[in-house]
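A.B. asks: quick one, what's the 3D model for this:
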Amino acid sequence: VQSVFCVQTPSMTDAMYHSLSSKIDTMNFEMALIRKEQLQTKQELREAKDEIAKLRGLQVDTINLELAEVRHEQGQTKQDLIQAKTEIKTIREHQNFDESDTKAADDLTDAQGDASTSSVINSIQKEFQNEKAQTKNVLDQMKTDVALIRSDLNTVMATVKNDIKKVNDTLARAESIHASYNSLSAAQRHTDDTMSLLEKGVQSLKLSVSGINASLEEKCQSGEFGPNNFRPRPTFPWLITIHFQPAFRRTPAIVYGLRFLDVSNEANVRVRGEIMELTNTYFKFKIDEWDNTVLYGAKFSWMACPK
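C.D. replies: Numbers count the residues shown, from 1 in each chain. Next up, the predicted model:
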């Protein structure tokens, strides 16, 4: 019995290894750039939040201080106005009182004369005019101060509005950065999944190539076995264990066939050979007869090759 067979195995060249390794290096470099950009985005987001917090605190403190100063100046202005009104009222009462006294003095004492009375009245009127002018100056100064306060308040409000706009712009930019960060995170997860699949594929390829190379390095093994004796006749079933030298890395493929047969012509020819167990290090084989067959000898040839 003669058996002929061949095994065709795939192969991987060094160029394929180099190309795959180059692609993996490129993807690792891109992943490093993405992680660096994510860290920078996180840093900018933290800085934007800190700047917003500082700006809010500073503007609130400034506005509270300026409002306190305005309230203080308004209170002082009101106090000065009340004091001025009181002084004007006092001057008027003093003028009316002096005029009454002058008339009484004219009735009681004619010696003082009209000239003295006129002099006193003129003096009082002059003093009243001076007080009135001073009061007017105070009121004008108060109006000027109020106008300045209003102008400063308008300036402060404009500054506050501008700062609020800056804060809103900063918040919008922070939201944009956050959205970009979420997009980058999703892209990174997709890239990580792709890298994981590629790494698994590379490992599988490496294992396949390693198995192919190992199979190519291993060689087929062959031999023959079986009993043959007339007296005494062999005992059947006949068992044998064949050890591979050297052992295969994996369980090999094996073929066998009957090469020699010695049997009595007084009965039908019946012979059977079969593998009972097969591993990468050995195989067990059984030769048997049955019924009234008288078997004196049977030899089998075999060949095992790596898969």
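
A.B. asks: hey, let's count contacts and neighbours off CA atoms from now on
C.D. replies: OK.

A.B. asks: hang on, residue 241 in a strand?
C.D. replies: Yes. Assessed by DSSP: H, G, I helix; E, B strand; the rest coil, residue 241 belongs to a strand.

A.B. asks: flag every buried residue along stretch 195-210.
C.D. replies: Buried residues in stretch 195-210, counted by 16 or more other C-alpha atoms under 10 Å: 195, 202, 209.

A.B. asks: same check, this time on stretch 28-43
C.D. replies: 31, 34, 38, 41.

A.B. asks: do a quick rundown of the helices in the stretch 51-200 of the chain.
C.D. replies: Listed in chain order, the helices of the stretch 51-200 of the chain (DSSP state H, counting those that start in this stretch) span residues 113-217.

A.B. asks: what about it, any weak spots by pLDDT?
C.D. replies: 95-117 (pLDDT under 70).

A.B. asks: and residue 89, how many neighbours?
C.D. replies: Neighbour count of residue 89, defined by other C-alpha atoms under 10 Å: 12.

A.B. asks: quick one: which of the buried residues of stretch 28-43 is nearest residue 51?
C.D. replies: The closest of the buried residues of stretch 28-43 to residue 51 turns out to be residue 41 (C-alpha to C-alpha; 15.3 Å).

A.B. asks: that closest one belongs to a strand?
C.D. replies: No. Judged by three-state DSSP, residue 41 forms no part of a strand; its state is helix.

A.B. asks: re earlier: nearest to residue 172 among the buried residues of stretch 28-43?
C.D. replies: Closest to residue 172, out of all of the buried residues of stretch 28-43 and judged by C-alpha to C-alpha, is residue 41, at 14.6 Å.

A.B. asks: so what's that closest one up against?
C.D. replies: Residues in contact with residue 41, defined by C-alpha atoms under 8 Å, 6 or more residues apart in numbering, are 177, 181.

A.B. asks: what about residue 235, which SS state?
C.D. replies: coil.

A.B. asks: likewise residue 232?
C.D. replies: coil.

A.B. asks: same deal with residue 245?
C.D. replies: Secondary structure state of residue 245, per three-state DSSP, is coil.

A.B. asks: for it, grab the count of nearby residues.
C.D. replies: 9.

A.B. asks: repeat for residue 140
C.D. replies: Counted with other C-alpha under 10 Å, residue 140 comes out at 12.

A.B. asks: again with residue 23
C.D. replies: 12.

A.B. asks: could you export the buried residues of stretch 28-43 as TSV, including secondary structure?
C.D. replies: Output for the buried residues of stretch 28-43, formatted as TSV (three-state DSSP):
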residue	secondary structure
31	helix
34	helix
38	helix
41	helix
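
A.B. asks: so which bits of stretch 245-256 are buried?
C.D. replies: Buried residues in stretch 245-256 (16+ other C-alpha under 10 Å): 248, 251, 252, 254, 256.

A.B. asks: looking at the buried residues of stretch 28-43, which is nearest residue 220?
C.D. replies: Using C-alpha to C-alpha, the buried residues of stretch 28-43 come closest to residue 220 at residue 31, 47.0 Å.

A.B. asks: pull up the gap between the closest one and residue 91, please.
C.D. replies: Counting by C-alpha to C-alpha, to the nearest Å, the separation of residue 31 from residue 91 is 90 Å.

A.B. asks: got it, and residue 63?
C.D. replies: 42 Å.

A.B. asks: phi first, then psi, for residue 305.
C.D. replies: For residue 305, the backbone dihedrals (degrees, to the nearest 10) come out as phi -130, psi 150.

A.B. asks: need the buried residues of stretch 245-256 in CSV (columns: secondary structure).
C.D. replies: Listed next are those as CSV, based on three-state DSSP:
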residue, secondary structure
248, coil
251, coil
252, coil
254, strand
256, strand
